[in-house]
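> all I have is the shape, not the residue letters:
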(Lines give C-alpha, C1' and ligand atoms only; values in the text may rest on other atoms or scores of the structure.)
Protein backbone atom coordinates (compact mmCIF):
# COMPACT_ATOMS: atom_id res chain seq x y z
CA UNK A 1 0.00 0.00 0.00
CA UNK A 2 2.84 2.38 0.86
CA UNK A 3 4.55 1.60 -2.46
CA UNK A 4 1.30 2.33 -4.31
CA UNK A 5 0.98 5.72 -2.60
CA UNK A 6 4.58 6.61 -3.42
CA UNK A 7 4.09 5.53 -7.02
CA UNK A 8 0.96 7.64 -7.44
CA UNK A 9 2.64 10.62 -5.80
CA UNK A 10 5.61 10.40 -8.18
CA UNK A 11 3.24 10.00 -11.13
CA UNK A 12 1.29 13.10 -10.13
CA UNK A 13 4.43 15.15 -9.52
CA UNK A 14 5.81 14.34 -12.96
CA UNK A 15 2.45 15.25 -14.55
CA UNK A 16 2.27 18.73 -12.94
CA UNK A 17 4.23 21.70 -14.22
CA UNK A 18 5.63 24.44 -12.03
CA UNK A 19 3.73 27.72 -12.57
CA UNK A 20 5.89 30.64 -13.62
CA UNK A 21 4.33 34.01 -12.66
CA UNK A 22 3.70 36.31 -15.60
CA UNK A 23 3.99 40.06 -15.92
CA UNK A 24 1.48 41.91 -18.06
CA UNK A 25 3.19 43.88 -20.80
CA UNK A 26 2.03 47.12 -22.38
CA UNK A 27 -0.06 46.67 -25.53
CA UNK A 28 2.07 49.18 -27.45
CA UNK A 29 5.30 51.06 -26.92
CA UNK A 30 4.24 54.56 -25.81
CA UNK A 31 5.78 57.52 -27.66
CA UNK A 32 8.22 59.83 -25.85
CA UNK A 33 5.56 62.58 -25.67
CA UNK A 34 1.85 62.95 -26.21
CA UNK A 35 0.84 63.72 -29.77
CA UNK A 36 -1.82 66.27 -28.91
CA UNK A 37 -1.23 70.02 -29.22
CA UNK A 38 0.00 71.98 -26.21
CA UNK A 39 1.64 68.84 -24.78
CA UNK A 40 5.29 69.69 -25.46
CA UNK A 41 7.40 72.40 -23.92
CA UNK A 42 4.94 73.39 -21.17
CA UNK A 43 5.58 72.94 -17.46
CA UNK A 44 1.91 73.38 -16.54
CA UNK A 45 0.16 73.14 -13.19
CA UNK A 46 0.62 70.13 -10.91
CA UNK A 47 -2.24 67.67 -11.19
CA UNK A 48 -2.41 67.09 -7.42
CA UNK A 49 -5.51 68.69 -5.84
CA UNK A 50 -6.28 69.95 -9.34
CA UNK A 51 -9.51 71.80 -8.48
CA UNK A 52 -7.56 74.34 -6.40
CA UNK A 53 -6.19 75.74 -9.66
CA UNK A 54 -9.62 77.33 -10.20
CA UNK A 55 -9.09 79.51 -7.08
CA UNK A 56 -12.74 79.09 -6.05
CA UNK A 57 -13.29 78.97 -2.28
CA UNK A 58 -16.88 77.73 -2.67
CA UNK A 59 -15.74 74.84 -4.88
CA UNK A 60 -13.08 73.90 -2.32
CA UNK A 61 -15.72 73.78 0.43
CA UNK A 62 -17.96 71.58 -1.69
CA UNK A 63 -15.05 69.20 -2.33
CA UNK A 64 -14.43 68.86 1.41
CA UNK A 65 -18.11 68.12 1.95
CA UNK A 66 -18.02 65.57 -0.86
CA UNK A 67 -15.18 63.66 0.81
CA UNK A 68 -17.15 63.41 4.05
CA UNK A 69 -20.78 62.91 3.01
CA UNK A 70 -20.86 61.28 -0.42
CA UNK A 71 -22.78 58.00 -0.19
CA UNK A 72 -20.95 56.36 -3.11
CA UNK A 73 -17.76 56.75 -1.10
CA UNK A 74 -19.49 55.27 1.94
CA UNK A 75 -20.43 52.22 -0.13
CA UNK A 76 -16.89 51.98 -1.50
CA UNK A 77 -15.37 52.06 1.99
CA UNK A 78 -17.70 49.23 2.99
CA UNK A 79 -16.52 47.24 -0.05
CA UNK A 80 -12.91 47.69 1.06
CA UNK A 81 -13.82 46.41 4.51
CA UNK A 82 -15.51 43.36 2.98
CA UNK A 83 -12.52 42.53 0.78
CA UNK A 84 -10.16 43.10 3.70
CA UNK A 85 -12.18 40.66 5.80
CA UNK A 86 -12.05 38.11 2.96
CA UNK A 87 -8.27 38.54 2.86
CA UNK A 88 -8.03 37.82 6.59
CA UNK A 89 -10.16 34.70 6.10
CA UNK A 90 -7.85 33.51 3.31
CA UNK A 91 -4.71 34.26 5.33
CA UNK A 92 -6.03 32.36 8.36
CA UNK A 93 -5.83 29.10 6.38
CA UNK A 94 -2.02 29.33 6.58
CA UNK A 95 -2.05 29.42 10.37
CA UNK A 96 -2.62 26.55 12.85
CA UNK A 97 -6.15 26.13 14.17
CA UNK A 98 -6.74 25.47 17.86
CA UNK A 99 -10.05 24.65 19.48
CA UNK A 100 -11.11 23.72 23.01
CA UNK A 101 -13.87 21.34 24.03
CA UNK A 102 -15.33 20.23 27.31
CA UNK A 103 -18.10 18.03 28.54
CA UNK A 104 -19.77 17.34 31.86
CA UNK A 105 -22.17 14.46 32.33
CA UNK A 106 -24.00 12.51 35.02
CA UNK A 107 -25.29 9.01 34.29
CA UNK A 108 -27.11 6.20 36.04
CA UNK A 109 -26.59 2.45 35.46
CA UNK A 110 -28.49 -0.51 37.01
CA UNK A 111 -26.45 -2.79 39.32
CA UNK A 112 -26.90 -6.12 41.18
CA UNK A 113 -27.63 -4.43 44.48
CA UNK A 114 -28.49 -0.86 43.59
CA UNK A 115 -28.32 1.60 40.71
CA UNK A 116 -24.93 3.24 40.14
CA UNK A 117 -24.83 6.98 39.61
CA UNK A 118 -21.58 8.40 38.27
CA UNK A 119 -20.17 11.76 37.12
CA UNK A 120 -17.85 12.42 34.19
CA UNK A 121 -15.74 15.38 33.10
CA UNK A 122 -13.62 15.84 30.01
CA UNK A 123 -11.50 18.77 28.80
CA UNK A 124 -9.50 18.76 25.57
CA UNK A 125 -7.57 20.91 23.12
CA UNK A 126 -7.50 20.06 19.41
CA UNK A 127 -5.04 21.55 16.92
CA UNK A 128 -4.82 21.26 13.16
CA UNK A 129 -2.42 22.54 10.52
CA UNK A 130 -2.08 22.00 6.78
CA UNK A 131 1.47 21.90 5.45
CA UNK A 132 1.59 24.27 2.50
CA UNK A 133 4.22 22.31 0.63
CA UNK A 134 3.20 23.49 -2.83
CA UNK A 135 2.25 27.07 -1.99
CA UNK A 136 -1.48 26.59 -2.55
CA UNK A 137 -2.55 28.43 0.61
CA UNK A 138 0.05 31.14 0.09
CA UNK A 139 -1.16 31.69 -3.48
CA UNK A 140 -4.77 32.03 -2.33
CA UNK A 141 -3.76 34.49 0.37
CA UNK A 142 -1.65 36.41 -2.13
CA UNK A 143 -4.60 36.59 -4.55
CA UNK A 144 -6.82 37.96 -1.78
CA UNK A 145 -4.19 40.55 -0.87
CA UNK A 146 -3.88 41.64 -4.50
CA UNK A 147 -7.65 41.88 -4.80
CA UNK A 148 -7.67 44.10 -1.72
CA UNK A 149 -5.04 46.36 -3.29
CA UNK A 150 -7.11 46.52 -6.49
CA UNK A 151 -10.23 47.44 -4.51
CA UNK A 152 -8.38 50.30 -2.83
CA UNK A 153 -7.29 51.52 -6.26
CA UNK A 154 -10.91 51.30 -7.42
CA UNK A 155 -11.94 53.64 -4.62
CA UNK A 156 -9.18 56.08 -5.58
CA UNK A 157 -10.59 56.00 -9.11
CA UNK A 158 -13.99 56.78 -7.62
CA UNK A 159 -12.51 59.77 -5.77
CA UNK A 160 -11.11 61.04 -9.05
CA UNK A 161 -14.40 60.60 -10.87
CA UNK A 162 -16.53 62.17 -8.13
CA UNK A 163 -14.38 65.31 -7.88
CA UNK A 164 -14.49 65.72 -11.66
CA UNK A 165 -18.26 65.24 -11.66
CA UNK A 166 -18.77 67.77 -8.86
CA UNK A 167 -16.56 70.42 -10.49
CA UNK A 168 -18.26 69.89 -13.84
CA UNK A 169 -21.71 70.28 -12.29
CA UNK A 170 -20.55 73.30 -10.31
CA UNK A 171 -19.40 75.19 -13.39
CA UNK A 172 -22.44 74.01 -15.34
CA UNK A 173 -24.59 75.68 -12.67
CA UNK A 174 -22.50 78.84 -12.93
CA UNK A 175 -22.89 78.83 -16.71
CA UNK A 176 -26.67 78.42 -16.48
CA UNK A 177 -26.85 81.42 -14.13
CA UNK A 178 -24.78 83.38 -16.65
CA UNK A 179 -27.11 82.20 -19.41
CA UNK A 180 -30.09 83.36 -17.34
CA UNK A 181 -28.48 86.76 -16.86
CA UNK A 182 -27.80 86.95 -20.59
CA UNK A 183 -31.39 85.88 -21.33
CA UNK A 184 -32.66 88.68 -19.10
CA UNK A 185 -30.51 91.16 -21.01
CA UNK A 186 -31.75 89.82 -24.34
CA UNK A 187 -35.37 89.92 -23.17
CA UNK A 188 -34.95 93.51 -22.02
CA UNK A 189 -33.35 94.45 -25.34
CA UNK A 190 -36.01 92.64 -27.39
CA UNK A 191 -38.73 94.20 -25.26
CA UNK A 192 -37.35 97.68 -25.85
CA UNK A 193 -37.11 97.00 -29.58
CA UNK A 194 -40.66 95.64 -29.68
CA UNK A 195 -41.93 98.77 -27.94
CA UNK A 196 -40.18 101.01 -30.45
CA UNK A 197 -41.41 99.00 -33.43
CA UNK A 198 -44.96 99.02 -32.12
CA UNK A 199 -44.76 102.78 -31.63
CA UNK A 200 -43.55 103.25 -35.21
CA UNK A 201 -46.34 100.94 -36.43
CA UNK A 202 -48.98 103.03 -34.67
CA UNK A 203 -47.53 106.12 -36.36
CA UNK A 204 -47.87 104.31 -39.70
CA UNK A 205 -44.15 104.28 -40.37
CA UNK A 206 -43.69 100.47 -40.57
CA UNK A 207 -45.94 97.56 -41.57
CA UNK A 208 -47.66 95.28 -39.06
CA UNK A 209 -45.33 92.41 -39.93
CA UNK A 210 -42.46 94.28 -38.24
CA UNK A 211 -44.44 94.47 -35.01
CA UNK A 212 -45.32 90.79 -35.06
CA UNK A 213 -41.72 89.77 -35.82
CA UNK A 214 -40.50 91.86 -32.88
CA UNK A 215 -43.05 90.19 -30.62
CA UNK A 216 -41.99 86.79 -31.97
CA UNK A 217 -38.34 87.44 -31.09
CA UNK A 218 -39.32 88.57 -27.59
CA UNK A 219 -41.42 85.45 -26.98
CA UNK A 220 -38.61 83.20 -28.24
CA UNK A 221 -36.13 84.78 -25.84
CA UNK A 222 -38.56 84.35 -22.96
CA UNK A 223 -39.05 80.67 -23.85
CA UNK A 224 -35.28 80.06 -23.95
CA UNK A 225 -34.94 81.46 -20.44
CA UNK A 226 -37.13 78.69 -19.02
CA UNK A 227 -34.81 76.07 -20.53
CA UNK A 228 -31.78 77.60 -18.79
CA UNK A 229 -33.68 77.71 -15.49
CA UNK A 230 -34.51 73.99 -15.77
CA UNK A 231 -30.88 73.09 -16.53
CA UNK A 232 -29.74 75.13 -13.54
CA UNK A 233 -32.17 73.28 -11.29
CA UNK A 234 -30.98 69.89 -12.61
CA UNK A 235 -27.33 70.78 -11.98
CA UNK A 236 -28.03 71.95 -8.44
CA UNK A 237 -30.11 68.87 -7.71
CA UNK A 238 -27.26 66.63 -8.90
CA UNK A 239 -24.79 68.52 -6.71
CA UNK A 240 -27.07 68.00 -3.72
CA UNK A 241 -27.15 64.23 -4.27
CA UNK A 242 -23.36 64.11 -4.65
CA UNK A 243 -23.03 65.86 -1.29
CA UNK A 244 -25.49 63.54 0.43
CA UNK A 245 -28.15 66.25 0.69
CA UNK A 246 -31.73 66.50 -0.43
CA UNK A 247 -31.77 67.52 -4.14
CA UNK A 248 -32.69 71.18 -3.74
CA UNK A 249 -31.57 74.43 -5.30
CA UNK A 250 -28.84 76.85 -4.26
CA UNK A 251 -26.35 74.02 -3.76
CA UNK A 252 -23.45 75.81 -5.44
CA UNK A 253 -23.77 79.37 -4.19
CA UNK A 254 -24.85 82.25 -6.40
CA UNK A 255 -21.79 82.71 -8.60
CA UNK A 256 -22.99 83.85 -12.02
CA UNK A 257 -19.72 84.63 -13.81
CA UNK A 258 -17.56 81.91 -15.30
CA UNK A 259 -13.90 82.11 -14.22
CA UNK A 260 -11.05 82.05 -16.65
CA UNK A 261 -9.72 78.57 -17.30
CA UNK A 262 -6.43 77.81 -15.52
CA UNK A 263 -3.42 76.92 -17.59
CA UNK A 264 -2.98 73.33 -18.68
CA UNK A 265 -1.85 70.75 -16.16
CA UNK A 266 1.58 69.17 -16.52
CA UNK A 267 0.94 66.11 -18.66
CA UNK A 268 4.36 64.47 -18.39
CA UNK A 269 5.09 61.58 -20.74
CA UNK A 270 2.81 58.65 -21.65
CA UNK A 271 4.99 56.09 -19.85
CA UNK A 272 4.32 57.86 -16.54
CA UNK A 273 0.56 57.49 -16.94
CA UNK A 274 0.65 53.83 -15.82
CA UNK A 275 1.66 54.78 -12.30
CA UNK A 276 -0.56 57.90 -12.17
CA UNK A 277 -3.86 56.23 -13.03
CA UNK A 278 -5.42 54.22 -10.18
CA UNK A 279 -7.69 52.31 -12.57
CA UNK A 280 -4.62 51.01 -14.41
CA UNK A 281 -3.00 50.01 -11.13
CA UNK A 282 -6.21 48.21 -10.14
CA UNK A 283 -6.24 46.31 -13.43
CA UNK A 284 -2.58 45.37 -12.94
CA UNK A 285 -3.30 44.09 -9.42
CA UNK A 286 -6.14 41.97 -10.79
CA UNK A 287 -3.77 40.45 -13.33
CA UNK A 288 -1.49 39.49 -10.45
CA UNK A 289 -4.47 38.11 -8.49
CA UNK A 290 -5.56 36.02 -11.46
CA UNK A 291 -2.00 34.72 -11.81
CA UNK A 292 -1.97 33.74 -8.13
CA UNK A 293 -5.24 31.86 -8.58
CA UNK A 294 -3.66 29.89 -11.42
CA UNK A 295 -0.81 28.94 -9.08
CA UNK A 296 -3.30 27.88 -6.40
CA UNK A 297 -5.28 25.77 -8.88
CA UNK A 298 -2.11 23.99 -10.05
CA UNK A 299 -0.99 23.39 -6.47
CA UNK A 300 -4.40 21.91 -5.66
CA UNK A 301 -3.53 18.97 -7.94
CA UNK A 302 -0.65 18.01 -5.62
CA UNK A 303 -1.04 15.92 -2.47
CA UNK A 304 -2.01 17.73 0.72
CA UNK A 305 -0.71 16.86 4.18
CA UNK A 306 -2.60 17.84 7.29
CA UNK A 307 -1.32 17.48 10.85
CA UNK A 308 -3.71 17.28 13.78
CA UNK A 309 -3.33 16.70 17.47
CA UNK A 310 -5.53 16.29 20.52
CA UNK A 311 -4.75 16.60 24.22
CA UNK A 312 -7.01 16.55 27.28
CA UNK A 313 -7.92 15.22 30.68
CA UNK A 314 -10.64 12.73 31.62
CA UNK A 315 -12.38 11.88 34.86
CA UNK A 316 -15.12 9.25 34.65
CA UNK A 317 -16.86 7.29 37.39
CA UNK A 318 -18.02 3.85 36.26
CA UNK A 319 -19.34 0.79 38.09
CA UNK A 320 -15.90 -0.79 38.14
CA UNK A 321 -14.28 2.28 39.70
CA UNK A 322 -12.86 5.71 38.89
CA UNK A 323 -11.10 6.35 35.58
CA UNK A 324 -9.00 9.48 35.36
CA UNK A 325 -5.91 10.72 33.59
CA UNK A 326 -4.62 12.46 30.48
CA UNK A 327 -5.05 11.50 26.85
CA UNK A 328 -3.44 12.70 23.61
CA UNK A 329 -3.15 11.81 19.96
CA UNK A 330 -1.12 12.89 16.92
CA UNK A 331 -2.30 12.32 13.37
CA UNK A 332 -0.80 12.97 9.96
CA UNK A 333 -3.22 12.82 7.04
CA UNK A 334 -2.17 12.53 3.38
CA UNK A 335 -4.78 13.34 0.73
CA UNK A 336 -3.75 12.26 -2.74
CA UNK A 337 -6.08 13.17 -5.63
CA UNK A 338 -6.17 10.22 -8.01
CA UNK A 339 -9.38 10.39 -10.03
CA UNK A 340 -11.65 13.43 -9.88
CA UNK A 341 -13.27 13.35 -13.29
CA UNK A 342 -10.94 16.11 -14.54
CA UNK A 343 -12.28 18.69 -12.06
CA UNK A 344 -8.89 20.01 -10.93
CA UNK A 345 -7.53 20.14 -14.48
CA UNK A 346 -10.63 22.05 -15.56
CA UNK A 347 -10.16 24.47 -12.64
CA UNK A 348 -6.62 25.16 -13.85
CA UNK A 349 -7.92 25.79 -17.37
CA UNK A 350 -10.61 28.12 -16.07
CA UNK A 351 -8.16 30.20 -14.06
CA UNK A 352 -5.69 30.36 -16.95
CA UNK A 353 -8.47 31.68 -19.21
CA UNK A 354 -9.41 34.22 -16.53
CA UNK A 355 -5.77 35.30 -16.42
CA UNK A 356 -5.67 35.86 -20.18
CA UNK A 357 -8.87 37.90 -19.88
CA UNK A 358 -7.35 40.03 -17.09
CA UNK A 359 -4.21 40.68 -19.14
CA UNK A 360 -6.24 41.74 -22.19
CA UNK A 361 -8.45 43.90 -19.97
CA UNK A 362 -5.42 45.65 -18.52
CA UNK A 363 -3.97 46.29 -21.96
CA UNK A 364 -7.31 47.66 -23.16
CA UNK A 365 -7.47 50.03 -20.18
CA UNK A 366 -3.96 51.27 -20.95
CA UNK A 367 -4.91 52.12 -24.53
CA UNK A 368 -8.10 53.80 -23.32
CA UNK A 369 -6.11 55.87 -20.81
CA UNK A 370 -3.73 57.08 -23.53
CA UNK A 371 -6.75 57.93 -25.68
CA UNK A 372 -8.39 59.92 -22.87
CA UNK A 373 -5.31 62.08 -22.41
CA UNK A 374 -4.91 62.65 -26.15
CA UNK A 375 -8.63 63.46 -26.44
CA UNK A 376 -8.43 65.90 -23.53
CA UNK A 377 -5.43 67.69 -25.07
CA UNK A 378 -7.14 67.94 -28.45
CA UNK A 379 -10.39 69.18 -26.89
CA UNK A 380 -8.60 71.79 -24.77
CA UNK A 381 -6.85 73.13 -27.85
CA UNK A 382 -9.95 73.07 -30.06
CA UNK A 383 -12.18 74.71 -27.46
CA UNK A 384 -9.62 77.46 -26.89
CA UNK A 385 -9.55 78.15 -30.63
CA UNK A 386 -13.35 78.05 -30.73
CA UNK A 387 -13.57 80.66 -27.96
CA UNK A 388 -11.27 83.01 -29.87
CA UNK A 389 -13.45 82.67 -32.97
CA UNK A 390 -16.66 83.19 -31.02
CA UNK A 391 -15.24 86.31 -29.33
CA UNK A 392 -14.47 87.76 -32.75
CA UNK A 393 -17.94 86.78 -33.94
CA UNK A 394 -19.52 88.41 -30.88
CA UNK A 395 -17.75 91.69 -31.61
CA UNK A 396 -19.01 91.56 -35.18
CA UNK A 397 -22.62 90.68 -34.32
CA UNK A 398 -22.73 93.39 -31.64
CA UNK A 399 -21.58 96.00 -34.15
CA UNK A 400 -24.00 94.67 -36.77
CA UNK A 401 -26.91 94.87 -34.33
CA UNK A 402 -26.08 98.42 -33.36
CA UNK A 403 -25.77 99.64 -36.95
CA UNK A 404 -28.84 97.80 -38.25
CA UNK A 405 -30.96 99.15 -35.37
CA UNK A 406 -29.80 102.71 -35.99
CA UNK A 407 -30.51 102.43 -39.74
CA UNK A 408 -33.93 100.91 -39.08
CA UNK A 409 -34.94 103.67 -36.67
CA UNK A 410 -33.73 106.18 -39.26
CA UNK A 411 -36.00 104.55 -41.83
CA UNK A 412 -33.14 103.47 -44.10
CA UNK A 413 -33.75 99.67 -43.99
CA UNK A 414 -36.63 97.37 -43.17
CA UNK A 415 -36.88 95.26 -40.00
CA UNK A 416 -35.37 92.02 -41.36
CA UNK A 417 -31.70 93.07 -40.89
CA UNK A 418 -32.49 94.06 -37.29
CA UNK A 419 -34.23 90.77 -36.62
CA UNK A 420 -31.34 88.80 -38.10
CA UNK A 421 -28.75 90.80 -36.16
CA UNK A 422 -30.64 90.41 -32.87
CA UNK A 423 -30.86 86.64 -33.16
CA UNK A 424 -27.24 86.29 -34.30
CA UNK A 425 -25.95 88.43 -31.44
CA UNK A 426 -27.98 86.61 -28.77
CA UNK A 427 -27.03 83.19 -30.18
CA UNK A 428 -23.32 84.05 -30.40
CA UNK A 429 -23.11 85.35 -26.85
CA UNK A 430 -24.92 82.25 -25.59
CA UNK A 431 -22.59 79.95 -27.52
CA UNK A 432 -19.62 81.88 -26.16
CA UNK A 433 -20.75 81.20 -22.60
CA UNK A 434 -21.20 77.53 -23.47
CA UNK A 435 -17.71 77.37 -24.98
CA UNK A 436 -16.15 79.07 -21.95
CA UNK A 437 -17.77 76.51 -19.67
CA UNK A 438 -16.71 73.72 -22.06
CA UNK A 439 -13.09 74.84 -21.71
CA UNK A 440 -13.41 74.44 -17.92
CA UNK A 441 -14.87 70.97 -18.52
CA UNK A 442 -11.97 70.14 -20.83
CA UNK A 443 -9.52 71.17 -18.10
CA UNK A 444 -11.36 68.92 -15.67
CA UNK A 445 -11.32 66.04 -18.15
CA UNK A 446 -7.56 66.43 -18.57
CA UNK A 447 -7.01 66.37 -14.80
CA UNK A 448 -9.14 63.23 -14.54
CA UNK A 449 -7.33 61.54 -17.43
CA UNK A 450 -3.92 62.24 -15.86
CA UNK A 451 -4.84 60.70 -12.48
CA UNK A 452 -2.52 61.52 -9.59
CA UNK A 453 -1.80 60.39 -6.05
CA UNK A 454 -3.79 62.85 -3.92
CA UNK A 455 -6.62 60.31 -3.62
CA UNK A 456 -4.46 58.05 -1.41
CA UNK A 457 -4.39 60.58 1.42
CA UNK A 458 -8.13 61.16 1.20
CA UNK A 459 -8.79 57.42 1.22
CA UNK A 460 -6.59 56.85 4.27
CA UNK A 461 -8.40 59.64 6.09
CA UNK A 462 -11.79 58.14 5.27
CA UNK A 463 -10.71 54.61 6.26
CA UNK A 464 -9.37 55.88 9.59
CA UNK A 465 -12.64 57.72 10.23
CA UNK A 466 -14.57 54.51 9.49
CA UNK A 467 -12.41 52.54 11.93
CA UNK A 468 -12.88 55.18 14.62
CA UNK A 469 -16.66 54.80 14.34
CA UNK A 470 -16.53 51.03 14.82
CA UNK A 471 -17.47 49.82 18.31
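Thanks, I have it. Note that this is a predicted model, so its numbers are computed, not measured. Residues are numbered from 1 along each chain as shown.

> quick check, central residue of the chain?
residue 158 (2.6 Å; CA atoms, centre = their mean).

> tell me which element that one is part of?
Here residue 158, judged by DSSP states H and E, is contained in helix 136-202.

> need the mean per-residue confidence for the next helix or strand after that helix.
Using DSSP H and E, the helix or strand that directly follows helix 136-202 along the chain is helix 208-242. Averaged over helix 208-242, pLDDT sits at 89.

> what pLDDT does residue 195 get?
84.

> next: residue 65.
95.

> leaving out sequence neighbours, find the closest residue to it.
Take residue 65 and drop its neighbours on the chain: the residue closest to it by CB to CB, 6 or more residues apart in numbering is residue 243, 5.1 Å away. C-beta here means a position set from N, CA and C on the backbone, and glycine is covered the same way.

> so for the helix or strand that contains residue 351, mean pLDDT?
Using DSSP H and E, residue 351 sits within helix 343-409. Throughout helix 343-409, pLDDT has a mean value of 93.

> compute the inter-axis angle for that helix and helix 136-202.
Orientation check (axes from the mean of the first three to the mean of the last three CA atoms, to 10 degrees): helix 343-409 against helix 136-202 gives 20 degrees.

> what's helix 343-409 packed up against?
Secondary-structure packing of helix 343-409 (3 or more CB pairs under 8 Å, 6 or more residues apart in numbering; DSSP states H and E): helix 136-202, helix 273-276, helix 278-299, helix 416-450.

> return the most buried member of these.
The highest mean neighbour count among the helices and strands packed on helix 343-409, using mean count of other CB atoms under 10 Å, belongs to helix 278-299: a mean of 23.

> now that one: mean pLDDT?
95.

> now do stretch 448-459
Per-residue scores along stretch 448-459 average to 92.

> what's the offset of it from the middle of its chain?
Chain-centre distance of stretch 448-459: 11 Å, with CA atoms, centre = their mean, to the nearest Å.

> what's it in contact with?
47-50, 67, 152, 155-157, 159-161, 164, 265, 267-268, 273, 276-280, 369, 372-373, 375-376 (CB atoms under 8 Å, 6 or more residues apart in numbering).

> and it, end to end?
Stretch 448-459 has an end-to-end distance of 17 Å (CA to CA, to the nearest Å).

> how about that stretch: buried residues?
Residues 448, 449, 450, 451, 452, 454, 455, 458, 459 are the ones in stretch 448-459 that count as buried (16 or more other CB atoms under 10 Å).

> pick the one among these closest to residue 74.
residue 459 (12.7 Å; CB to CB).

> what about that closest one, distance to residue 392?
Remark: distance between residue 459 and residue 392 (CB to CB, to the nearest Å) = 46 Å.

> if we can go back for a sec, want to throw the helices and strands packed on helix 343-409 into CSV with distance to residue 341?
Formatted as CSV, the helices and strands packed on helix 343-409 follow (distance: least, CB to CB, whole Å):
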stretch, distance to residue 341
helix 136-202, 20
helix 273-276, 43
helix 278-299, 16
helix 416-450, 49
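
> mind checking which of these is nearest residue 331?
So among the helices and strands packed on helix 343-409, helix 136-202 is nearest, using CB to CB, at 19.4 Å.

> output the contacting helices and strands for that closest one.
Against helix 136-202 (3+ CB pairs under 8 Å, 6+ apart) you get helix 57-69, helix 71-92, helix 208-242, helix 278-299, helix 343-409, helix 416-450, helix 454-469.

> can you do 10 Å?
Here helix 136-202 touches helix 57-69, helix 71-92, strand 116-131, helix 208-242, helix 278-299, helix 343-409, helix 416-450, helix 454-469, going by 3 or more CB pairs under 10 Å, 6 or more residues apart in numbering; DSSP states H and E.

> got these as JSON lines, with distance to residue 102 columns?
Shown next, in JSON lines, are these (distance: least, CB to CB, whole Å):
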{"stretch": "helix 57-69", "distance to residue 102": "49"}
{"stretch": "helix 71-92", "distance to residue 102": "24"}
{"stretch": "strand 116-131", "distance to residue 102": "5"}
{"stretch": "helix 208-242", "distance to residue 102": "56"}
{"stretch": "helix 278-299", "distance to residue 102": "36"}
{"stretch": "helix 343-409", "distance to residue 102": "39"}
{"stretch": "helix 416-450", "distance to residue 102": "60"}
{"stretch": "helix 454-469", "distance to residue 102": "35"}
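
> right, so the ones you listed: which one is the most enclosed?
helix 278-299 (a mean of 23).

> next structured bit after that helix?
Counting by DSSP H and E, what follows helix 278-299 is strand 304-318.

> who's in contact with residue 35?
Contacts of residue 35 were listed using CB atoms under 10 Å, 6 or more residues apart in numbering, and they are 270, 370, 373, 374, 377, 378.

> what's it sitting at in phi/psi?
With angles defined as degrees, to the nearest 10, residue 35 sits at phi -80, psi -20.

> contact partners for residue 258?
Contacts of residue 258 (CB under 10 Å, 6+ apart): 171, 174, 175, 177, 178, 432, 433, 434, 436, 437, 439, 440.

> try residue 88
So residue 88 contacts 141, 144, 148 (CB under 10 Å, 6+ apart).

> and the gap between the last one and residue 455?
I take that to be residue 148. Counting by CB to CB, the gap from residue 148 to residue 455 is 16 Å.

> quick one on the thing from earlier: tabulate the buried residues of stretch 448-459 (JSON lines), appending distance to residue 314.
Converted to JSON lines, these look like this (distance: CB to CB, whole Å):
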{"residue": "448", "distance to residue 314": "69"}
{"residue": "449", "distance to residue 314": "71"}
{"residue": "450", "distance to residue 314": "70"}
{"residue": "451", "distance to residue 314": "65"}
{"residue": "452", "distance to residue 314": "65"}
{"residue": "454", "distance to residue 314": "64"}
{"residue": "455", "distance to residue 314": "60"}
{"residue": "458", "distance to residue 314": "59"}
{"residue": "459", "distance to residue 314": "54"}
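
> out of those, who's nearest residue 119?
Using CB to CB, those come closest to residue 119 at residue 459, 58.9 Å.

> any stretches of the stretch 1-150 of the chain with poor pLDDT?
1-18, 38-43, 107-118 (pLDDT under 70).

> try it again with 50
Applying pLDDT under 50 to the stretch 1-150 of the chain flags residues 1-17, 41.

> can you give me the angle the helix holding residue 351 makes with helix 416-450?
Using the same axes, to 10 degrees: helix 343-409 against helix 416-450 is 150 degrees.

> next one: helix 343-409 to chain centre, how far?
Per CA atoms, centre = their mean, the centroid offset for helix 343-409 relative to its chain is 19 Å.
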